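*Asks:* Model the following, please.
(one chain, ligands or ions: 1)
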Amino acid sequence: MLLDSVYQTAAMPAERRFSANCDKIVTMSEKVHITGLKRAELEELAASFGEPKYRATQVFKAVHGRRLTSFDEITDLPKKFRAKLQETAEISSLTVESRYVSVDGTRRYLMKTADGYPVETVYIPSESRDTICFSSQSGCPLKCDFCLTAKLGLLRNLTPGEIVEQVIIVLNDVYGVGAETPHGTNLVGMGAGEPFLNFENLITALEIMSDEDGLFIVPNRVTVSTAGIVPKIYEFAQLENRPHLAISLSSAKDELRDTLMPINKRWDLGELMSAAKEFEGSLRRGERFTFEYVMLGGVNDADNDANDLADLLERFQLKRVKINLIPHNGAEQLDYNTSTPERVDRFKWVLESRGVSAYVRQPRGRDIYAACGQLAAKTVGSRQ
Ligand code: SAH
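*Replies:* Residues are numbered from 1 along each chain as shown. Prediction:
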């Protein structure tokens with residue numbers, strides 16, 4: 001089946017690896033991408049140059065804690081070590097091609113990998129906290145019918161370094177190099193791509209970003225969204241220090257979900273909900289998980305659809321869940337209408353009357369193609 005092969009291709013690490021002292025991820029220039037190295041790997045790298053462990057800590061703190069972007073700036077390192085690093089490694093591998101700022105303050109960064117693939121990252125400010133939405137893949141192999149990113153297809157998986165660097169670039173742009181990451185910054189893996197089809201790199205990146213000597217964005221501040229890669233939901237549930245989970249549902253009926261999200265033909269609602277039930281068992285005290293539901297006018301937004309959703313949750317006895325209703329963000333190439341605000345409210349009301357918590361996600365950055373499902377390397381209007 002086609003989706004099987006898509007799954008396998010996407011699961012294969014697309015980045016080239018080379019092994020010297022350790023298995024380091026290299027960029028097109030064959031240099032080690034420092035941003036993607038775990039502490040232990042950085043220590044191995046330092047050791048390969050005859051440098052003690054604490055030098056690795058200095059580099060880690062400089063790159064992730066102070067977010068410096070060139071070795072020259074790490075002046076507390078011996079010159080010789082700096083020169084060695086310069087020769088063999090690099091801190092930056094992504095380049096920012098354009099940066100768009102929405103009327104609502106949302107920023108979209110259109111970046112390119114060293115080998116020319118588009119990467120998009122979104123910064124969403126709010127009164128209580130800021131959120132950074134990162135991409136896990138360039139493009140996406142899933143063919144969700146309502147999503148613009150799907151039109152790109154999968155270009156390639158992003159390396160751990162490329163995932164981490166997206167966040168560093170945004171923080172440096174918003175707060176300046178060296179400024180402390182504001183406590184409470186949230187991360188969401190809801191940009192381009194299917195995070196669970198790039199699982200290992202995603203987990204490595206999150207581990208690096210959670211380090212208190214670095215960005216210090218702890219798993220409790222991170223949410224990863226999957227379209228329903230069932231085996232990985234089971235694996236995710238087992239992780240000791242895991243982030244929060246969101247599952248994109250968008251229909252409680254197999255027939256409709258098959259057409260909206262073809263991944264449903266690989267793992268249907270029965271399999272998905274069984275995995276969700278298992279995941280519910282792994283929740284910590286007070287934690288809930290989310291089902292995302294894209295609201296498509298006249299397609300999945302009737303009272304019946306809300307009742308079907310409540311029935312489905314009941315059937316699997318899912319209790320510690322909340323529903324995030326996402327009004328569809330349109331684009332020329334997408335054949336859907338967004339639900340009217342009245343419909344969204346009514347849908348929410350039906351869910352709530354059935355005892356299901358539901359929230360409406362306010363669209364952010366629609367005017368600059370930064371909203372959910374709009375990331376498709378689009379260049380629009382004037383750049384800032
Ligand atoms: N591949 C992952 C993560 C990326 S999409 C996933 O599917 O969960 C993040 C969310 O945006 C998903 O819930 C997805 O269903 C939703 N989405 C996709 N296209 C959209 C659109 N055009 N309008 C609103 N939401 C959309």
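*Asks:* low-confidence ranges in the protein?
*Replies:* Within the chain, the ranges that satisfy pLDDT under 70 run 1-29, 377, 379-384.
*Asks:* residue ranges of the helices in this protein, please?
*Replies:* According to DSSP state H, the chain carries its helices in the segments 2-11, 39-48, 53-60, 79-88, 160-175, 199-210, 230-238, 254-260, 269-280, 303-315, 341-353.
*Asks:* so which of those comes closest to the ligand?
*Replies:* Ranking the helices of the chain by proximity to the ligand (Cβ to the nearest ligand atom) places helix 254-260 first, at 8.8 Å. All C-beta spots, glycine's among them, are computed from the backbone N, C-alpha and C.
*Asks:* Is the ligand within reach of that closest one?
*Replies:* No - remark: helix 254-260 sits outside contact range of the ligand, by Cβ under 6 Å from any ligand atom, the gap being at least 8.8 Å.
*Asks:* what does stretch 241-248 give?
*Replies:* Yes - using Cβ under 6 Å from any ligand atom, stretch 241-248 reaches the ligand at S248.
*Asks:* residues in contact with that stretch?
*Replies:* Stretch 241-248 is contacted from outside by 144, 187, 189-190, 206, 210, 219-220, 222-228, 233, 236, 261, 272, 276, 279, 282, 287, 289-292, 294, 324, using Cβ atoms under 8 Å, 6 or more residues apart in numbering.
*Asks:* Next, count neighbours for E342.
*Replies:* By other Cβ atoms under 10 Å, 8 other residues sit near E342.
*Asks:* Kindly apply the preceding question to Q333 instead.
*Replies:* Q333: 9 neighbours (other Cβ under 10 Å).
*Asks:* still on that earlier bit, out of the helices of the chain, deepest packed?
*Replies:* For the helices of the chain, ranked by mean neighbour count under the definition mean count of other Cβ atoms under 10 Å, the leader is helix 160-175 at a mean of 24.
*Asks:* now it, how far from the centre of its chain.
*Replies:* In terms of Cα atoms, centre = their mean, to the nearest Å, the centre of helix 160-175 is found 13 Å from the chain centre.
*Asks:* Could you tell me the angle between that helix and helix 199-210?
*Replies:* Angle, helix 160-175 to helix 199-210, by axes from the mean of the first three to the mean of the last three Cα atoms, to 10 degrees: 40 degrees.
*Asks:* any idea what sits nearest whichever residue of the chain sits closest to the ligand, other than its immediate chain neighbours?
*Replies:* As assessed by Cβ to the nearest ligand atom, the ligand sits closest to G373 within the chain, at 1.9 Å. In space, and not counting its chain neighbours, G373 is closest to C147: 4.2 Å by Cβ to Cβ, 6 or more residues apart in numbering.
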